[in-house]
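Q: need coordinates for the below:
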Amino acid sequence: MRDLEILGHKHTRTQISLAILFTVAIFTATLSLPATNNEQPTAYGAAPQHVFPRVDTRSPAPAKLVPPTLSTSTTTTTTTTTPPEPSETTPLNREAFYGPRDAYFINDNLTGPDRLFRTECDYSHLSYDDPIVAPGQAGATHLHMYFGNTEADAHTDYQTLMTTGEGTCNGGQLNRSAYWTPALLNQQGDVLVPSWISIYYKTLDHDGDYAHIEPYPEGLKIIAGDATAQTPQDSTSPLSPIDWSCDYDDRGSGQGGEHFGSASIPTCQHGQAWGPNLNSVRAKIRFPFCWNGNDMWLPKSAHMSYPVDAFQSTNCPASHPVVLPSIEFHIYWDVPEGVDTSTWWLSSDEQQDGSRLPGGTTLHADWFGGWDRDTLERWVANCSNVSGAHCGHGLLGTSDSDPALTRLQPHFGPYSRLRAIPEAEHRELCPARHRVGRCS
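A: Predicted structure coming up:
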């Protein structure tokens with residue numbers, strides 16, 4: 001299956017590069033951006049090339065980023081035991097968030113029993129907030145990189161998630177979900193912005209079970225991986241939640257491939273996540289998808305479970321019988337020429353005494369669901385519950401399940417690849433301590 005996924009990645013990324021080049025050309029010809037947004041792409045660690053935070057192309061003006069107000073509150077994490085009532089919002093014009101039905105998003109070259117839906121995302125903002133682990137406590141955690149909802153912060157709850165902010169993933173406001181991970185930094189302490197972010201919502205049916213997949217309940221929050229790990233996390237077993245790899249293209253044979261199973265950031269060759277020289281650092285985080293049917297959040301994601309045998313199964317334990325789509329983050333960073341990627345590290349790798357664990361040891365990710373209900377139910381019905389349905393990025397079905405091949409509008413930000421946020425800039429978020437491991 002990995003070979004099939006890789007084939008889909010390479011085919012899709014080549015086409016995406018053409019689509020992006022076309023989009024950038026239109027964008028340059030029709031918009032006049034401030035000088036700070038028109039600087040040329042630079043290598044990681046070089047001068048800044050964009051206003052921080054990123055600007056959503058649909059926003060009239062960027063919001064000014066200010067250092068978070070540090071809280072002295074002793075509020076502890078609370079548990080929601082029942083799904084919240086749906087919030088009353090102005091109905092969305094869903095068709096305004098639909099895009100062209102490009103053929104390459106169909107991925108007809110992929111076959112097999114898996115059922116999946118995918119969405120692409122752009123980087124949104126950096127923050128020391130975590131609305132799951134430290135709700136209401138601004139600046140209480142290590143530095144996070146957010147994508148998805150542009151307004152996600154420590155005070156985000158389900159109602160504000162669904163009614164505020166843009167979305168930096170396919171579909172814009174139809175997917176206001178918040179996605180975040182620890183920030184990735186280079187040896188100089190600059191934050192590295194991903195070149196490509198692909199989110200898989202999978203169902204793996206290699207055991208032939210073909211369980212019925214339910215849409216996510218409103219208000220669900222999930223964490224995968226271990227932010228407190230002191231030793232490398234398991235990255236090789238069938239139930240490993242995380243792994244690092246080098247995503248590359250072997251020019252000798254023309255066949256793509258990957259190095260799998262690294263618990264820390266490996267040394268990867270120079271290249272890009274898509275383009276003529278395919279090679280990048282990839283982080284993969286797999287979320288538990290078996291739900292207990294009651295709780296929206298419990299500490300350590302105890303309301304969720306992995307299947308009892310392997311990710312290729314929907315065999316959920318009796319304590320967590322509800323099968324939801326399996327979320328996977330696939331995050332790619334280009335590798336500049338002459339850069340040793342093994343020197344990169346996560347903000348959560350920094351310990352309280354200032355020391356650091358081996359780069360990538362504490363890889364983890366958070367997800368707070370904010371899908372438009374109609375859109376969510378549509379792709380779950382057309383993709384998650386149709387055997388062999390491979391719905392490419394933003395497609396709400398296959399040609400069989402959705403003859404119109406409705407596709408969520410892509411979201412392409414105005415910035416180029418190979419970009420970094422210099423340490424002097426991002427540490428303004430936490431001026432009191434100048435550390436990324438924890439602000440307050």
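Q: contacts, neighbours, all on C-alpha from now
A: OK.
Q: how about the helices of the stretch 301-440 of the chain, start to end?
A: 373-379, 423-426 (DSSP state H, counting those that start in this stretch).
Q: and the shortest one, average pLDDT?
A: The predicted model gives helix 423-426 an average pLDDT of 86.
Q: how about the first one?
A: Confidence over helix 373-379, taken as the mean pLDDT, stands at 96.
Q: buried ones in that helix?
A: Residues of helix 373-379 classed as buried by neighbour count (16 or more other C-alpha atoms under 10 Å): 375, 376, 377, 378, 379.
Q: got it, and the shortest one?
A: The neighbour-count check on helix 423-426 (16+ other C-alpha under 10 Å) flags 423, 426 as buried.
Q: that helix packs against which elements?
A: In terms of contacts (3 or more C-alpha pairs under 8 Å, 6 or more residues apart in numbering; DSSP states H and E), helix 423-426 is not packed against any helix or strand.
Q: low-confidence ranges in the protein?
A: Along the chain, segments meeting pLDDT under 70 span 1-91, 100-113, 205-210, 249-260, 274-276, 311-312, 412-418, 433-434, 440.
Q: name the residues of stretch 428-440 that are buried.
A: Per 16+ other C-alpha under 10 Å, stretch 428-440 contains these buried residues: 429, 430, 435, 436, 437, 438, 439, 440.
Q: wait, the fifth one sits on residue 142?
A: Yes. Under the criterion of C-alpha atoms under 8 Å, residue 437 lies in contact with residue 142, with a separation of 4.5 Å.
Q: identify the contacts common to those two.
A: Both residue 437 and residue 142 are contacted by 347, 348, under the criterion C-alpha atoms under 8 Å, 6 or more residues apart in numbering.
Q: isn't residue 167 right up against residue 176?
A: Yes. Between residue 167 and residue 176 there is a contact at 5.0 Å, judged by C-alpha under 8 Å.
Q: closest to residue 237 among the buried residues of stretch 428-440?
A: residue 437 (28.5 Å; C-alpha to C-alpha).
Q: which one's more surrounded, residue 167 and residue 176?
A: residue 176 (29 against 26; other C-alpha atoms under 10 Å).
Q: quick one on the thing from earlier: and which of the buried residues of stretch 428-440 is nearest residue 277?
A: Distances from residue 277 to the buried residues of stretch 428-440, taken by C-alpha to C-alpha, are shortest for residue 436, at 32.0 Å.
Q: before we move on, the earlier item: what do residue 167 and residue 176 both touch?
A: Common neighbours of residue 167 and residue 176 (C-alpha under 8 Å, 6+ apart) are 148, 149.
Q: report the contact partners of residue 393.
A: Listed by C-alpha under 8 Å, 6+ apart, the contact partners of residue 393 are 105, 117, 118, 119, 120, 170.
Q: quick one: secondary structure of residue 96?
A: Under DSSP: H, G, I helix; E, B strand; the rest coil, the three-state class of residue 96 is helix.
Q: next one: it from residue 320, what distance?
A: 37 Å (C-alpha to C-alpha, to the nearest Å).
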